[in-house]
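Undergrad: I'll drop the sequence and a predicted model, then ask my questions.
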Amino acid sequence: MNTSDILTQASEIEIHYKSKVRPSERPQITNSKDCAEIFKSIFDFNTIDYKEFFYAMYLNRSNKILGVLQVSSGGVSGTIADPKIIFQGALKLNASVIIVCHNHPSGNLKPSPEDITLSRKLKEGAAILDMAVLDSLIISSAEGYTSLADEGLL
């Protein structure tokens with residue numbers, strides 16, 4: 001098989017990203033409270049107590065927000081957050097930092113063993129890509145939020 005045959009049988013990949021926001025206008029994250037407030041503004045409060053959602057926020061080296069991605073939407077007791085999807089967003093944006101967040105429809109802010117395992121798995125994967133997972137948050141409409149980083153669980 002020659003080179004031209006391979007190129008006609010392989011899919012072409014194109015990567016494109018263009019920001020509509022000037023770097024000086026991007027919000028900066030300085031602590032978990034900032035993260036929780038931004039994520040709470042993104043979540044739909046008509047459904048936050050109904051089913052679970054998982055989001056990823058991507059930051060540059062100055063902790064300024066590049067973008068936010070809804071990774072998954074699930075049911076009452078969980079949602080599947082695929083690390084490959086989370087890292088695709090980070091790579092597309094050339095992000096240096098990732099912060100993840102999901103809600104617990106029950107209002108219980110205690111992280112489950114699965115929450116802790118996924119957060120640590122993301123942190124390990126990010127390190128291989130020379131990125132950092134700064135925090136993993138659990139939010140509720142009425143009870144506030146829990147930061148796994150603040151709790152020493154990340």
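TA: All right, it came through fine.
Undergrad: Between the two ends of stretch 98-111, how far is it?
TA: From its first residue to its last, stretch 98-111 covers 18 Å (CA to CA, to the nearest Å).
Undergrad: So what's the model's average confidence on it?
TA: Averaged across stretch 98-111, the pLDDT comes to 92.
Undergrad: Specify the helix with the largest residue count in this structure.
TA: What stands out as the longest helix in the chain, according to DSSP state H, is helix 113-128.
Undergrad: How confident is the prediction for the residue positioned nearest the centre of the chain, by pLDDT?
TA: Nearest to the mean C-alpha position of the chain, counting by CA atoms, centre = their mean, stands Ala56 at 1.4 Å. With respect to pLDDT, Ala56 scores 96.
Undergrad: Quick one: list the elements packing against the host helix or strand of it.
TA: Element membership for Ala56 (DSSP states H and E) is strand 53-59. Helices and strands touching strand 53-59, by 3 or more CB pairs under 8 Å, 6 or more residues apart in numbering; DSSP states H and E, are helix 32-42, strand 65-73, helix 83-93, strand 97-103. For the C-beta atoms, the positions are set from N, CA and C on the backbone; glycine is no exception.
Undergrad: Pick the most buried one from the ones you listed.
TA: For the helices and strands packed on strand 53-59, the largest average neighbour count (mean count of other CB atoms under 10 Å) is found in strand 97-103, namely a mean of 25.
Undergrad: got a list of what the residue lying closest to Lys121 once chain neighbours are set aside touches?
TA: Leaving aside its chain neighbours, Lys121 sits nearest to Pro83 (6.4 Å; criterion: CB to CB, 6 or more residues apart in numbering). By CB atoms under 8 Å, 6 or more residues apart in numbering, Pro83 lies in contact with 118, 121-122, 125.
Undergrad: Any regions of the chain where pLDDT drops low?
TA: Scanning the chain for pLDDT under 70 picks out 1-7.
Undergrad: try 90
TA: Scanning the chain for pLDDT under 90 picks out the ranges 1-25, 27, 40-50, 52, 73-80, 105-108, 140-144, 154.
Undergrad: host element of Leu134?
TA: Here Leu134, judged by DSSP H and E, is contained in strand 132-140.
Undergrad: Quick check: next helix or strand after that strand?
TA: Counting by DSSP H and E, the next helix or strand C-terminal to strand 132-140 is strand 144-147.
Undergrad: neighbouring strands for that next one, and are they parallel or not?
TA: Strand 144-147 has its sheet partners listed here by DSSP bridges as strand 132-140 (antiparallel).
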